[in-house]
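Undergrad: Build the 3D model from these lines:
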Amino acid sequence: MTSIRQTDGWGKFHRMESAKSLPFRSGQVIYGSVEKINDPQRALVKIGQETVLAEMQTPLSEGGRYWFQLLAEHETIRLQLIAKSETAGDEAGINHAVFHLTKSWGLPREAQPLLRFLLQKQLPVVKEEVLQATKWLIATKETEMNLRAIQWMYTNQLPLTEDVFQAIKAVQQPDLLSNQLLKLQDLLASMPDDQKPDAIRTLLTTLQRMTSRMDDIDQTLFSLLKDWIQQGDREAYRALQKVGGWPQEVTENSWSWFAKQIQIHGKTFSLPLSSAVLEEHDAKKQLSDWIAQLQHDWQTNRSKASEQVRAFMTALNGGELPSRLSDFYEAYLKGELPDQPLLSLDDEAASVMIAHHMKKIGQWLGLNYEAELKKWMKADSPGHFDELKPLLLRVYDEVQLPALKEQLEALIHRLTGQQLLSQSQGPIQQLFWQFPLRFADHVTDVIVRWQGRKKRNGEIDPHYCHILFYLQLERLKETIVDVRIQNSILHVTLWNHTPQIEQLVSRMQPLLKERLEACGYVLSGIKVAAAEQQQKNDWLFSRILMSHSGVDYRV
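TA: Okay, here's the model as predicted:
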C-alpha cells in the first residue's frame with residue numbers, strides 16, 4: 001500500500017494547502033494527479049483545484065492519476081493509494097476502486113452501484129456516510145428507488161439524514177398522491193365527531209377541497225369569487241370576466257359598478273348590496289361578508305350556496321345567465337349533465353377555469369409553509385395556515401392513533417420530498433410539483449418537473465426551459481410529455497403506448513401550433529414514441545436525477 005503525507009519542505013517554492021484549509025474531509029476518497037516528483041519520497045499532488053505537497057513511501061509516476069483515500073490529522077495529510085486510473089471516468093480504475101472499497105469497508109454487494117455512481121460523478125465518498133447510506137439502500141426491496149434517493153441527496157448536497165432520505169423516497173412512490181389523500185380523508189371522516197378537534201376538521205375540509213371534482217363548475221366559480229373578492233386576485237377576476245361576459249372595461253376594483261348591477265338585478269335572488277347608495281368600501285366589505293357566509297353554506301347547504309353563485313353571475317350579466325354557462329345549467333336541470341361538465345364550456349372559458357383550479361391545488365399543498373412561517377415569525381404576527389402541509393404537521397402532533405399517524409407521516413414525507421426536488425443552482429432553477437387532479441369519477445396525479453434559467457430579476461424565464469409532464473390518464477393511461485423550449489421555439493416528445501396515438505397527435509398539431517403562437521411560441525415539431533414497459537415512475541425520476549443535462553446552459 002502506498003501512502004503519501006504532506007511535508008514542510010517546498011513551501012517557499014510551491015503553493016501548498018494544509019489539512020485545515022483543504023475542502024476535503026478525513027477519510028474521503030478523492031481523485032488526484034502527481035504533478036511533480038523531485039526526489040523518490042516527495043511529490044506535488046493536484047486534487048481538484050488544490051495542490052498538496054506530499055511524501056511518497058512507494059514511487060509513483062509523474063503525471064500519473066490515482067484514486068486515493070485522504071487521511072488528515074492536524075497539519076498532516078496522508079493520501080492512501082486505492083487504484084490507478086488514467087481518467088476520473090476510467091471504468092477499469094473505478095471498478096478496481098469499487099472492489100477495493102467494498103472489501104476494505106466490509107460493504108455488501110448492493111452498495112457497489114452507489115460507490116460507482118459517487119466515483120463517476122466525483123462526489124464525496126466517506127466510509128461512515130457510505131455505511132449509513134448502505135443501510136438505507138438494503139432496508140427494503142425497493143433498491144432502485146432507494147438508490148435514486150441517495151444519489152439525489154449526494155448530487156444536491158443535501159444532509160445525509162433519515163428524514164431527507166425518506167422524503168426523497170416517498171415522492172417516488174408508485175401509489176398516487178391523490179389515493180393517499182383520499183385514504184386519509186376517509187379515515188378522518190370515519191372518526192366520531194367528539195374525536196375531531198379543530199385541526200382535524202380543518203384538515204378534512206382542505207382534503208375535500210383538493211380532491212373535489214375539477215369539473216364542478218359551481219365549486220370553481222365560488223373559488224374564483226373568493227379569490228377575487230377576499231384576496232384581490234386579478235387572475236381570478238379575469239377568469240370570471242371571461243365566463244361571465246360582462247364588459248371588458250370593468251376592472252376588478254369597479255365596486256360601484258358591481259353594486260349597481262346587484263341592486264338592479266339581484267333583488268330576486270336575495271343577494272347582498274341592497275342599499276340604494278353604497279360607497280366602494282361598503283360594497284367590497286358587504287361582498288366579502290357574503291363570501292364568508294357562502295363558504296359556511298357550502299359545507300352545510302350546498303344547494304343554497306350553488307344557487308347564490310349562479311345568481312351572482314346572472315346579476316352581473318344584466319339579469320341573464322351568461323351564455324357560456326346557460327347550456328351547462330340547462331343540462332343540469334334536465335339531469336343530462338355530461339361526464340366532464342367543465343369541458344362542455346367553450347375552449348377559452350374551460351382553459352381559464354382549469355388553469356385556475358390547478359394553480360389553487362398547487363397553493364393548497366402548502367409547499368411554501370416554512371418560508372411563510374419564517375415571514376410570520378419575523379413580523380411577530382400569528383399566521384393562518386390552512387394549507388395541507390402545516391395541517392398535516394399540526395394533526396400529527398395532536399393525535400395518537402398509530403394508523404392515522406402513519407398516514408400523516410407518509411404524506412408529510414411526500415410533500416417534503418417535493419420541496420427537496422425543487423432546487424436553485426446559480427442561474428438555473430429546478431421546480432417539481434405533484435398534485436391530485438380529478439375529472440368526473442377518475443382521480444389521478446399530475447407530475448411536473450420544470451427546469452430553466454432565471455432572469456436577472458430572479459424570475460423564471462419561460463422562453464428557455466425544459467418541462468416534463470407525467471400523467472396517468474383514464475383512457476390514454478401512462479403518458480409522458482417532454483417539452484424543450486429554446487428562444488421561444490418549442491419541441492415536444494410524447495411517450496405513450498396507445499395504438500394510433502400518432503394519428504391523433506397529427507390531427508391536433510395544427511390547433512396546438514395556433515394556440516402556442518397566440519402565446520408567443522413557435523412549435524418546431526412533435527415526436528411520438530412508445531413508452532417502454534419498465535419506464536413508469538422509475539423512468540421519470542431517473543430523468544429528474546439526470547436533469548442537469550436537460551437545459552442548454554449556454555443560453
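Undergrad: remind me which residues of the stretch 51-200 of the chain are low pLDDT?
TA: By pLDDT under 70, the low-scoring segments of the stretch 51-200 of the chain are 57, 74.
Undergrad: what's the straight distance from one end of stretch 414-429 to the other?
TA: Across stretch 414-429, the straight-line distance between its terminal residues is 21 Å, by Cα to Cα, to the nearest Å.
Undergrad: mind checking the SS state of the residue nearest in space to the middle of the chain?
TA: Using Cα atoms, centre = their mean, the residue of the chain that lies closest to the mean C-alpha position is F432, 2.2 Å off. Of the three states, F432 takes strand according to DSSP: H, G, I helix; E, B strand; the rest coil.
Undergrad: how close does it get to T479?
TA: Applying Cβ to Cβ, to the nearest Å, the value for F432 to T479 is 18 Å. Quick note: C-beta positions are derived from backbone N, CA and C, even for glycine.
Undergrad: and if you look at G63?
TA: In this structure, G63 lies at 52 Å from T479, with Cβ to Cβ as the measure.
Undergrad: Please apply the same query to Q293.
TA: The value you get for Q293 to T479, if Cβ to Cβ is used, is 42 Å.
Undergrad: Quick one: name whatever helix or strand follows the helix or strand hosting L70.
TA: Secondary structure here is read from DSSP states H and E; on that basis L70 sits in strand 65-73. With elements assigned by DSSP H and E, the helix or strand that comes after strand 65-73 is strand 76-84.
Undergrad: mind listing what that following strand pairs with, with the direction of each?
TA: In the sheet, strand 76-84 lines up against strand 3-5 (antiparallel), strand 65-73 (antiparallel) (DSSP bridges).
Undergrad: Save these as JSON lines, and put in distance to N368 too.
TA: Formatted as JSON lines, the strands paired with strand 76-84 follow (distance: least, Cβ to Cβ, whole Å):
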{"stretch": "strand 3-5", "distance to N368": "49"}
{"stretch": "strand 65-73", "distance to N368": "40"}
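Undergrad: So between Q293 and T479, which is more surrounded?
TA: The residue with the greater number of neighbours, taking Q293 and T479 and applying other Cβ atoms under 10 Å, is T479; the counts read 17 against 12.
Undergrad: would that one count as being in a strand?
TA: Yes: according to three-state DSSP, the state of T479 is that of a strand.
Undergrad: Look up which residues are beta-bridged to it.
TA: Legend: beta-bridge partners of T479 under DSSP bridges are L471.
Undergrad: That one reaches T493, doesn't it?
TA: No: with contact defined as Cβ atoms under 8 Å, T479 does not reach T493; the gap is 11.6 Å.
Undergrad: and the nearest residue to S85 once chain neighbours are set aside, which of the three is it?
TA: The shortest distance from S85 to any residue other than its chain neighbours is 2.4 Å, reached at G93 (Cβ to Cβ, 6 or more residues apart in numbering). Secondary structure state of G93, per three-state DSSP, is helix.
Undergrad: Kindly report the same for H466.
TA: strand.
Undergrad: Tell me the spacing between it and K455.
TA: Counting by Cβ to Cβ, the gap between H466 and K455 amounts to 16 Å.
Undergrad: hey, where'd the helices end up in the stretch 251-400 of the chain?
TA: Listed in chain order, the helices of the stretch 251-400 of the chain (DSSP state H, counting those that start in this stretch) span 255-265, 280-300, 302-316, 323-334, 347-364, 369-378, 388-398.
Undergrad: Can you redo those helices as a markdown table, where the extra columns are distance to Q500?
TA: Supplementary listing: these in a markdown table, determined by distance: least, Cβ to Cβ, whole Å:
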| stretch | distance to Q500 |
| --- | --- |
| helix 255-265 | 50 |
| helix 280-300 | 43 |
| helix 302-316 | 40 |
| helix 323-334 | 31 |
| helix 347-364 | 24 |
| helix 369-378 | 45 |
| helix 388-398 | 39 |
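Undergrad: Quick check: end-to-end length of stretch 222-242?
TA: Comparing the first residue of stretch 222-242 with its last one, the separation is 15 Å (Cα to Cα).
Undergrad: Then stretch 271-289?
TA: Across stretch 271-289, the terminal residues are separated by 12 Å (Cα to Cα).
Undergrad: Isn't F312 up against Q261?
TA: No: look at F312 against Q261 with Cβ under 8 Å: they stay out of range, at 9.6 Å.
Undergrad: These two: which is more packed in?
TA: F312 (27 against 22).
Undergrad: how far away is the more buried one from V250?
TA: 14 Å.
Undergrad: next one: L471
TA: Between L471 and V250 the distance is 37 Å, computed by Cβ to Cβ.
Undergrad: returning to that earlier point: number of residues surrounding the residue nearest to S85?
TA: The local packing of G93 (other Cβ under 10 Å) involves 21 other residues.
Undergrad: contacting residues around it?
TA: Contacts of G93 were listed using Cβ atoms under 8 Å, 6 or more residues apart in numbering, and they are 67, 83-87.
Undergrad: how does this structure divide up, domain by domain?
TA: The domain map for the chain lists 3-84, 93-170, 216-339, 423-555, with the assignment taken from automatic domain parsing.
Undergrad: Could you give the separation between the terminal residues of the shortest one?
TA: In domain 93-170, first residue to last residue: 34 Å (Cα to Cα).
Undergrad: How far does that domain sit from its chain's centre?
TA: Here the centre of domain 93-170 is set off from its chain's centre by 24 Å, with Cα atoms, centre = their mean, to the nearest Å.
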